[in-house]
Structures are given as structure tokens and as C-alpha cells.
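Novice: okay, sequence plus prediction incoming.
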Amino acid sequence: EMESTHSDAEKILQESEQKELLEKLSQAQGKEKDEFAEQVVFLNKNYPGGLQEYVKRARALLKDSSEDVNPYEAFVPSIPEGENVAFATEEFAELEKIGIENMEYAGFVLVAGGLGERLGYGGIKIEIPITCVDPNLTFLNYYIQNILAFESRVKRKMKEEGKDTTGFQVPLCIMTSGDTHELTLKLLENTKCYGMPKEQITIVKQEKVPALLGIDAAFAYEEKPLKLVTKPHGHGDVHTLLHTQGVVKKWKEQGKRWVIFFQDTNALIFKSIPSMLGVSVKRDFDMNSATVPRKPGEAVGAICKLTNEKTKDELTINVEYNQLNPLLKSKWNKDGDVPGADGFSQFPGNINVLLFKLSTYASTLEDTKGLMPEFVNPKYADAAKTKFKTPTRLECMMQDFPKLYKKGVKVGFTRMERWMSFTTVKNNLTDAAAKSKAGLAPESASSGESDFYYANQKYLQQCGVQFEEESEDIFKTWEGIKVRQASKLIMLPSFAVSLAEVKDKIKGNVKISNHSSVVLEGENLSLKNVEIDGSVKISKDGNLEDAKFVEKNYIQLEGTTESDPESLRIRG
């Protein structure tokens with residue numbers, strides 16, 4: 001068997017024109033030779049079209065890079081098509097309703113290849129608790145609860161329509177990486193998948209690709225033992241894996257029509273997903289990007305419509321912020337990214353939450369055999385641009401999918417207010433303090449927690465819950481990070497998955513003090529004439545009327561010490 005692996009590896013290296021490595025393979029002996037040959041065969045199998053295709057694509061991209069080819073040279077930018085959805089309007093209610101009705105046809109994909117290193121956290125990000133108030137409410141737990149809550153709403157509606165709900169599920173696929181795979185499996189096992197049946201979850205694991213030494217795409221390697229140097233290929237792999245692992249095919253067979261991709265530490269997005277799906281259904285978008293208002297020049301990628309001057313082909317796609325202004329200045333407006341009537345850029349900010357129509361998504365992946373558009377970003381070591389300072393590799397991004405579509409597809413965006421659609425937990429205390437000082441979102445564990453409470457408060461306020469007046473001292477600074485500290489509110493997905501549901505459940509006079517900590521749980525829970533001034537978890541199965549929780553047993557936050565668990569220390 002090893003003989004055939006050796007000859008397979010030899011053939012792969014020959015076809016990929018890796019002369020130096022062919023020689024190294026022939027000189028290698030015993031275990032070293034076996035393991036190197038196995039690695040070559042493995043990497044070849046994991047890349048659609050094999051390493052020969054990888055080298056072919058790498059050489060073309062490296063040639064363009066060395067010649068400074070501008071990928072946007074032929075394109076003229078214009079304002080993309082999409083919907084600006086304002087919270088609590090009639091349109092918002094209608095879109096949410098359409099979205100929840102169509103959850104019957106949705107599948108969810110969580111992109112979770114990252115560790116919490118940048119946060120100063122040793123484990124995987126999806127196991128971090130969203131708040132200090134409920135240490136069991138990790139990101140993954142909250143996401144699974146949302147999907148199960150959507151599922152329970154769908155099943156209720158199906159039963160009312162006399163449909164059979166046996167075996168019906170809203171599926172979840174999680175993409176892991178070498179860094180997160182084992183830890184993700186362990187988390188699911190230890191928590192019994194947070195109540196989701198095991199077979200409802202599919203795990204796909206992304207692998208790495210060979211690192212490249214120079215413009216000829218020679219593979220980088222280590223010696224003693226002989227081994228290829230590999231690097232991550234980027235989150236665009238998620239599309240490749242859904243195709244090669246048969247997930248798309250399976251979901252199509254289950255009658256699914258929509259695929260929703262979301263990120264690992266954005267706890268607010270599930271407030272926006274129903275209305276975003278509503279937009280996709282209503283506008284018949286093949287691809288829909290969730291976006292937020294962005295200020296001109298803000299360091300966040302933007303959705304832009306590009307028209308090829310020669311062929312007139314149109315492409316609606318994310319353009320990275322460092323490329324956006326030069327592009328707009330040269331061909332759209334001499335002043336570049338100028339504000340629209342509402343003070344925001346007319347090119348909304350991309351938050352990498354993507355919603356695809358399954359039929360055209362599947363047929364496009366069939367056409368490309370799962371291959372994604374790639375780019376290369378080498379740091380050159382010489383003026384001739386042939387050698388690199390450190391080995392580079394091809395990379396792909398999930399938001400570049402529109403480059404694969406044939407003509408005539410509809411690609412658009414849904415713009416929602418940031419407070420209800422985007423927060424992220426990625427910065428350690430030092431970096432977050434620097435951002436806070438500069439007046440930017442800290443994007444730390446503490447700011448993510450605060451954003452979560454604030455969004456829940458906005459929902460409850462909109463539905464008639466009374467809160468106290470807020471003064472400036474509502475903001476506290478921890479380790480240089482300024483965060484809002486008012487009532488700590490957790491609405492679990494079982495309680496409500498839409499604004500309309502929250503409205504149905506709040507009646508009469510409901511008051512909550514600014515120092516309170518409140519958890520609301522349960523599909524049948526509603527509140528009428530309730531006053532809260534303290535800490536309480538309400539999970540009654542039915543209506544709670546004329547009740548007072550005024551023990552003033554507040555949860556006070558204080559600075560962390562070295563003896564606290566890491567999930568608390570990252571908050572300061």
C-alpha cells in the first residue's frame with residue numbers, strides 16, 4: 001500500500017512541477033518518506049482539482065501580483081441594490097413575519113475556524129459565555145437555542161396547517177479548522193449539543209494549503225523530517241466544503257431553499273436574520289449580504305456594484321475599505337466615498353453574514369466543482385518581485401462568491417441598524433482600550449456583553465416596558481474600555497424570536513430598574529403589570545400577572561483578578 005502512496009505522491013509532484021521536492025522524495029527513506037508521501041496525497045485530495053490546479057492558479061495570480069495588475073481596472077462602481085430596513089416599522093414587521101414563515105426552508109452555517117488568541121483566550125470562541133450573568137449561555141448555546149426556537153415556531157405552524165412534522169429539522173452545519181475541530185467536538189459532547197439532536201448538526205473541517213516560496217509556485221518545505229509547510233486558505237473554504245461533503249445536496253433533498261451563513265461571536269445577528277430572510281424572499285435575491293450603516297472612510301469592507309466597461313457584466317460584491325476610496329475617486333466621484341442624505345456612505349458596511357438561495361448556490365458550486373475565487377498577498381523580498389520575504393499561499397473569502405455566478409442572478413444587501421445586527425468579540429484588553437480611546441467600538445468581551453443587553457432593552461422598550469431615565473454615569477470604564485452598564489437583560493430565544501412576539505408578551509405596566517438583571521425564558525411566558533428591581537430569572541409556562549420582584553438583590557460587576565476564569569478576565 002505504501003508503494004502506491006509513494007508513486008501517487010511522485011505523480012502529483014511531477015504534475016505540479018515541483019522538481020526539487022521530487023528529488024527530496026526519491027532520497028527520503030523509511031518513515032520520513034511514508035509520512036511525506038501521505039501528506040502530499042492528502043493535500044492533493046483536499047483541493048478541488050488537486051495540487052496541479054492549485055499551482056496553475058497560483059502562477060496566474062502571482063504573475064498578476066508581480067505586474068501590479070489592478071483587479072478593478074475594468075470596472076466602474078455604482079450604488080448597489082438592496083433594502084434599508086428600519087427597526088419597528090410596518091415594513092420591518094412584515095419582513096420579520098415572512099422570514100419566520102420561511103425558516104421551514106432554511107439551513108444555518110456557523111463559520112467557527114478561529115481560536116480566541118487575539119482575545120487573550122486560550123479556547124475556542126464559540127464556548128465563551130456572552131454575559132457574566134449566565135455563564136452557561138455561550139455563543140454556541142445561544143445560536144443553537146435560536147435555531148431550535150425558529151424550528152419550534154415552524155412546527156407549530158405546520159401542525160396548524162395539518163402538516164406532518166415527524167423528522168422535521170432546521171439543520172446546522174459548523175465549519176471548524178485544525179485549531180478548533182477537536183475542541184468543538186468536545187464542547188458538543190460535554191453539553192449534549194445544547195439540546196439539539198446530534199444528527200441535526202454536520203461538522204465540516206477545513207484543511208490547509210501548501211505555502212509558496214516564489215513566483216514559480218514552488219512549495220515551501222522543512223527538512224529532517226521532510227514536510228511541506230502549509231498555511232490556512234481562508235473562510236471561503238466553507239463553500240467548497242459544503243459542496244464536497246455533500247451538505248448542499250442533502251439540504252436540497254430535504255426541501256431547503258435558503259442557506260444562512262453567520263460568524264462566531266456576533267450575538268446580535270439573530271435579531272436581524274428573520275427580516276433579512278424576509279428581504280431575500282420578497283426580492284428573490286440569489287445572494288443577500290447583511291450590512292450596517294458605515295461612515296465614509298470607515299475601516300470596514302463595503303458592498304458595491306461594479307460594471308465591466310467592456311462587457312457590461314455586473315457584479316455586486318464586497319470591496320475592501322483600502323481599495324474602495326481609490327476606486328470611487330477614479331470612476332465614481334472625485335471626492336470618493338461621500339455621505340448620502342442620511343450622513344452615511346451609500347456603500348453599506350459588510351458584516352459577513354450571507355444568505356443564499358439554495359438552487360443557484362448549488363448549481364454554481366456544481367459548475368465550479370466547489371472551487372472559490374482566490375487572491376494572493378505576497379510580501380516581496382526583491383525589486384524584481386520574484387522572491388518572497390516569507391512563504392505565501394492562495395487565500396479565499398466567503399464574501400467573494402458573487403464572482404462565480406453566471407449572468408442574471410440577483411445579488412443585493414439588507415442594511416440594518418448596527419445595534420440590532422452587529423457586534424463582535426475579538427480584541428484583547430489592550431487593543432480594545434486603544435479603540436475605545438479613539439472613539440471606536442472596542443469589540444471586546446465586555447463591549448459585546450453590553451451591546452447584547454442594550455439590544456434587548458431596545459426591544460423591550462419598543463414594546464412598552466418602562467425603564468428609568470439614563471444619566472451619563474451609566475457608562476463605566478474597565479481597563480480603559482468604556483462600556484454602557486444599565487439593566488442586564490437576557491431574552492432567551494424560547495421567549496421571543498421577533499419583535500412581534502415580544503409585543504404579544506408584554507401587557508399593562510411592566511417596569512424594570514436600571515440596576516436589575518433579568519432573564520426571560522419560555523415560549524408561553526407573558527408579563528402583565530410586573531415590576532422588577534433586583535435579579536430574577538422568569539421561566540413561567542404562562543402569563544405572569546401583578547407580580548413584584550423588588551428584592552434589590554443586584555448583580556454588581558467589579559474588576560477581575562488573576563484567580564478568575566479566563567472567560568471573565570478577558571472582560572476586565
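Specialist: Received, thanks.

Novice: kindly state the beta-bridge partners for I512.
Specialist: Beta bridges link I512 to F467, I532, judged by DSSP bridges.

Novice: looking at it now. What's its pLDDT?
Specialist: pLDDT for I512: 98.

Novice: do the same with the one 5 residues further on
Specialist: As predicted, S517 sits at a pLDDT of 97.

Novice: is it in contact with Q556, as I believe?
Specialist: No. Counting by CB atoms under 8 Å, S517 sits too far from Q556 to count as a contact (9.9 Å). All C-beta spots, glycine's among them, are computed from the backbone N, C-alpha and C.

Novice: those two: who's more crowded?
Specialist: The neighbour comparison of S517 against Q556 (other CB atoms under 10 Å) goes to S517, with 23 against 6.

Novice: hey, what's that one bridged with?
Specialist: K488, S535.

Novice: got the contact list for it?
Specialist: 133, 487-489, 534-536, 554-555 (CB atoms under 8 Å, 6 or more residues apart in numbering).

Novice: can you map out the helices along the stretch 401-550 of the chain?
Specialist: 429-437, 445-462, 499-505 (DSSP state H, counting those that start in this stretch).

Novice: can you show me the CA trace of the strand or helix carrying P77 as PDB?
Specialist: Element membership of P77 [criterion: DSSP states H and E] is strand 75-78. Extracted in PDB, the C-alpha atoms of strand 75-78 (Å, rounded to 0.1, in the frame of the first residue of the first chain):
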ATOM      1  CA  PHE A  75     -14.900  48.100 -13.500                       C
ATOM      2  CA  VAL A  76     -17.000  51.200 -12.900                       C
ATOM      3  CA  PRO A  77     -18.500  51.400  -9.400                       C
ATOM      4  CA  SER A  78     -22.100  52.300  -8.600                       C
END
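
Novice: now that strand: buried residues?
Specialist: Under the neighbour-count criterion of 16 or more other CB atoms under 10 Å, strand 75-78 has 75, 77-78 buried.

Novice: what does stretch 305-321 give?
Specialist: 305-306, 314, 316-319, 321.

Novice: now, the most widely separated pair of those residues?
Specialist: E314 and Y321 (21.6 Å; CB to CB).

Novice: surely E127 and P135 touch.
Specialist: No. E127 is beyond contact range of P135, at 11.0 Å (criterion: CB under 8 Å).

Novice: so what's in contact with those two at the same time?
Specialist: Between them, E127 and P135 share no contacting residue, judged by CB under 8 Å, 6+ apart.

Novice: and the least confident of the buried residues of stretch 305-321?
Specialist: Comparing pLDDT over the buried residues of stretch 305-321, the lowest reading goes to Y321, 90.

Novice: which other residues reach the one helix or strand I174 maps to?
Specialist: Using DSSP H and E, I174 sits within strand 172-177. Here strand 172-177 makes contact (CB under 8 Å, 6+ apart) with 107-114, 143-144, 147, 184, 196, 200-206, 232, 235, 237-238, 241-242, 247.

Novice: could you spell out the sheet neighbours of it, each with its direction?
Specialist: With DSSP bridges as the test, strand 172-177 pairs up with strand 106-111 (parallel), strand 201-206 (parallel).

Novice: and the following helix or strand past the last one, what does it pack against?
Specialist: It refers to strand 201-206. Moving toward the C-terminus from strand 201-206, the next helix or strand (DSSP H and E) is strand 209-210. Packing partners of strand 209-210 (3 or more CB pairs under 8 Å, 6 or more residues apart in numbering; DSSP states H and E): helix 50-66, strand 230-231.

Novice: L527 and G542 touch, don't they?
Specialist: No. Between L527 and G542 there is no contact under CB under 8 Å: 10.9 Å.

Novice: between the two, point out the one with more neighbours.
Specialist: L527 (24 against 9).

Novice: mind listing the residues bridging to the more buried one?
Specialist: Beta bridges link L527 to I506, L544, judged by DSSP bridges.

Novice: how about it, what does it touch?
Specialist: With contact set as CB under 8 Å, 6+ apart, L527 has these partners: 505-507, 510, 520, 538, 543-544.

Novice: could you check the angle the longest strand anywhere in the chain makes with strand 106-111?
Specialist: The longest strand of the chain (DSSP state E) is strand 349-357. Angle, strand 349-357 to strand 106-111, by axes from the mean of the first three to the mean of the last three CA atoms, to 10 degrees: 140 degrees.

Novice: let me know the next secondary structure element after strand 349-357.
Specialist: That would be, after strand 349-357 and using DSSP H and E, helix 358-368.

Novice: what helices or strands is the following helix or strand past that next one leaning on?
Specialist: Later in the chain than helix 358-368, the nearest helix or strand by DSSP H and E is strand 375-376. Secondary-structure packing of strand 375-376 (3+ CB pairs under 8 Å, 6+ apart): helix 50-66, strand 394-395.

Novice: for strand 375-376, which strands pair with it and how are they oriented?
Specialist: Paired strands of strand 375-376, with direction, are strand 394-395 (antiparallel) (DSSP bridges).

Novice: now do the strand it pairs with: everything it contacts.
Specialist: 54, 57-58, 61, 209, 212, 232-234, 236, 374-377.

Novice: biggest separation within those residues, which pair?
Specialist: Longest distance between any two of the contacts of strand 394-395 is 17.6 Å, between L212 and G236; criterion CB to CB.

Novice: which one's more surrounded, those two?
Specialist: Using other CB under 10 Å, the more surrounded residue of L212 and G236 is L212, with 26 against 21.

Novice: what's the local residue count around K406?
Specialist: With other CB under 10 Å as criterion, K406 counts 9.

Novice: try K186
Specialist: 13.

Novice: what do you get for G340?
Specialist: 12.

Novice: for it, phi and psi?
Specialist: Main-chain dihedrals, G340, degrees, to the nearest 10: phi -90, psi -170.

Novice: can I assume it is in contact with Q346?
Specialist: Yes. G340 is within contact range of Q346, at 4.4 Å (criterion: CB under 8 Å).

Novice: closest one to D367 among the helices and strands packed on strand 209-210?
Specialist: helix 50-66 (15.1 Å).

Novice: who are the packing partners of the closest one?
Specialist: Against helix 50-66 (3+ CB pairs under 8 Å, 6+ apart) you get helix 2-15, helix 30-46, strand 209-210, strand 375-376, strand 394-395.
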